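Trainee: can you look at this prediction? I've put the sequence above it.
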Amino acid sequence: KLHVAHLVAVLNSTKKGAGYEPDADLHIEVLTEVCDGFMDGPQRFPAAYMRSLLNHFGFVLGQAGTDFGERGCIERFLMLLIDRAAAAAQKTDRTQQEEEDCALIVEHLVNPMVPWLRKMTGSWHEHVMRTAVKVLGHLVRVLAPHLEQVLAARRSWRQRQGQGDRDESQRLFSGFHADLIPFTRTLADGVDEGGDVFLELMHMQRHRRHRALHKLGVACEAGTLGSSTVVHFVIPLALQLLVQRGVAVSQYDQGAADVGIATIGYCCRVVNWKVFCKTLRGLSQLITLSGASREKMLIRAMCAATGNFRFHQEADDAVATFLKTHRPKDVMGAVETALAKAKREELEDLQQWKERKIQEKGQSFVAPPAYDDEE
């Protein structure tokens, strides 16, 4: 723990002077030493103490002003960490130490590293977004295909720790964005042969980036992508193509904006009401922040989202949920019980109002006299 504390302190060091500028050269030297000598072997970095370091890395990568050399070293550290977990998961005769190492690395990747990467995916700075796409792509490509082995290692480790057995398949599936595995390709000697959506999203050619996002949008419409991927990965990328913050009006890419609008429309066909409302609110806020230069395109995006959202399907889902929780023969009974409860609460409120009036006047309530019909 002391070594980890020293490492975090060094990575927060600044240059001498009044500007408090981060000492990027020292950070790069330390990170290179850690990646070269302490990520594998007998002196490898212990996985149990990585949470604070990964939180620091997530914060540094999310800053637009981070030195590019330091950013590259942190990316290399995270990718080596993913490789280490994948190698331990694939072993059939792994030791208890390797099992614990794999289980802890996976835990630290799912939380806090993946939330940091999801946040960076929606960044308006392209180099920050590219970092998130690069690391997430390596996670999906290398570790997500071995989800069953990872679950077995986690289950065995939890049993030894006395933490009980619980199903983590859905949590890790959404955390690793394993539904994006069909959109990846195994790199042959590090050469991009095309077809990998993560590499396409980082490509220098615009049409390849647009084609990759369009492919994800079509997959959203077809229902092959989970809600976690749609909300945290596809929609932020579409918004970035739509807004293009920092780009002058004369250099605004109309084709990229059209792809972003179409992708938002595809996504809104499968999201729930909460995500739909959040997307609309975000677009309306961007109209205020971006000014008149982006107003037309943002309104088009809002119209596409509203036109594609399945309002009737949302109502049908609400009815189906109610019928699942109440048997058909008990539906009327549930309604009658609710009406009786409302009537009882109304009478109680009336009685409390009468008592309050009596206390205010200081006299007892006298009922009006009853008269016979003859009188």
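Mentor: Arrived safely, thanks for sending. Residues are numbered from 1 along each chain as shown.

Trainee: and the pLDDT for the residue nearest the centre of the chain?
Mentor: Centroid-nearest residue in the chain, with C-alpha atoms, centre = their mean: His232, separated by 4.0 Å. Reported pLDDT at His232 in the predicted model: 93.

Trainee: what's the answer for Gly137, then?
Mentor: Listed pLDDT for Gly137 reads 93.

Trainee: tell me the spacing between it and Ala305.
Mentor: Going from Gly137 to Ala305 by C-beta to C-beta, to the nearest Å gives 27 Å. For every residue, glycine as well, the C-beta is placed using N, CA and C.

Trainee: now Gln244: how far from Phe311?
Mentor: Gln244 is 30 Å from Phe311, by C-beta to C-beta.

Trainee: cool, Thr184 as well?
Mentor: The value you get for Thr184 to Phe311, if C-beta to C-beta is used, is 35 Å.

Trainee: if you count surrounding residues, which of those two has more?
Mentor: Thr184 (19 against 10; other C-beta atoms under 10 Å).

Trainee: so what's that one up against?
Mentor: Contacts for Thr184 (C-beta atoms under 8 Å, 6 or more residues apart in numbering) come out as 137, 140-141, 196-198.

Trainee: got it, and Met129?
Mentor: Contacts of Met129 (C-beta under 8 Å, 6+ apart): 120-123, 237, 240.

Trainee: now swap in Glu168 and tell me
Mentor: 151, 154.

Trainee: and for Glu148?
Mentor: By C-beta under 8 Å, 6+ apart, Glu148 has no neighbours at all.

Trainee: mind telling me what element it is part of?
Mentor: helix 147-161 (DSSP states H and E).

Trainee: about what we covered before: verify the contact between the residue nearest to the centre of the chain and Arg118 for me.
Mentor: Yes. Counting by C-beta atoms under 8 Å, His232 does reach Arg118; the two are 4.2 Å apart.

Trainee: ok, Leu239 touching Val259?
Mentor: No. Taking C-beta under 8 Å as the definition, Leu239 is not a contact partner of Val259, at 11.7 Å.

Trainee: overlap in contacts, the two.
Mentor: Contacts common to Leu239 and Val259, judged by C-beta under 8 Å, 6+ apart, are absent.

Trainee: in the stretch 201-350 of the chain, which ranges drop under the pLDDT threshold?
Mentor: 313-340 (pLDDT under 70).

Trainee: quick one, helices of it?
Mentor: Assigned by DSSP state H, counting those that start in this stretch, the stretch 201-350 of the chain shows helices spanning 206-222, 227-229, 235-243, 254-267, 273-290, 295-308, 311-325, 328-361.

Trainee: those helices: which one's closest to Val4?
Mentor: Of all those, it is helix 227-229 that lies closest to Val4, at 30.2 Å by C-beta to C-beta.

Trainee: Arg76 and Ala64, how far apart?
Mentor: According to C-beta to C-beta, Arg76 and Ala64 sit 20 Å apart.

Trainee: compare those two (neighbour count), which wins?
Mentor: Arg76 (16 against 10).

Trainee: wouldn't the more buried one be in contact with Asp36 here?
Mentor: No. In this structure, Arg76 is not within contact of Asp36 by C-beta under 8 Å, at 9.8 Å.

Trainee: and the closest residue to Arg300 other than its chain neighbours, what is it in contact with?
Mentor: Spatial nearest neighbour of Arg300, excluding adjacent residues (C-beta to C-beta, 6 or more residues apart in numbering): Ile261 at 5.5 Å. Residues touching Ile261, when contacts are defined by C-beta under 8 Å, 6+ apart, comprise 238, 242, 297, 300-301, 304.

Trainee: now do Ile261 against Thr131, distance only.
Mentor: Distance from Ile261 to Thr131, by C-beta to C-beta: 26 Å.

Trainee: for Glu21, same thing?
Mentor: In terms of C-beta to C-beta, Glu21 sits 21 Å off from Thr131.

Trainee: neighbour count: those two, which is higher?
Mentor: Neighbours were counted for Glu21 and for Thr131 using other C-beta under 10 Å; Thr131 has more, 24 against 10.

Trainee: against Asp36, how distant is that one?
Mentor: 21 Å.

Trainee: give me the buried positions along the helix or strand hosting Glu70.
Mentor: If you go by DSSP H and E, Glu70 is part of helix 68-90. Of all the residues in helix 68-90, those buried under the rule 16 or more other C-beta atoms under 10 Å are 70-71, 73-82, 84-89.

Trainee: could you give me the average pLDDT of that helix?
Mentor: What helix 68-90 shows for mean pLDDT is 93.

Trainee: name the residues that touch that helix?
Mentor: With C-beta under 8 Å, 6+ apart as the test, helix 68-90 has contacts from 22, 24, 27-28, 31-32, 34-35, 39-40, 44, 50, 57, 60-61, 94, 98-99, 101-102, 105-106, 109, 113, 127, 131, 134-135, 138-139, 142-143, 146, 149-150, 153.

Trainee: contact partners for the residue nearest to Met50 when sequence neighbours are not counted?
Mentor: Computed as C-beta to C-beta, 6+ apart, the closest residue to Met50 that is not its neighbour in sequence is His108, at 5.1 Å. By C-beta under 8 Å, 6+ apart, the residues touching His108 are 47, 50-51, 54.

Trainee: cool, and Val140?
Mentor: 176-178, 180-181, 184, 198.

Trainee: that one and Ile264, how far apart?
Mentor: Remark: distance between Val140 and Ile264 (C-beta to C-beta) = 22 Å.

Trainee: next one: His214
Mentor: 12 Å.

Trainee: more neighbours: which of these two?
Mentor: Ile264 (25 against 17).
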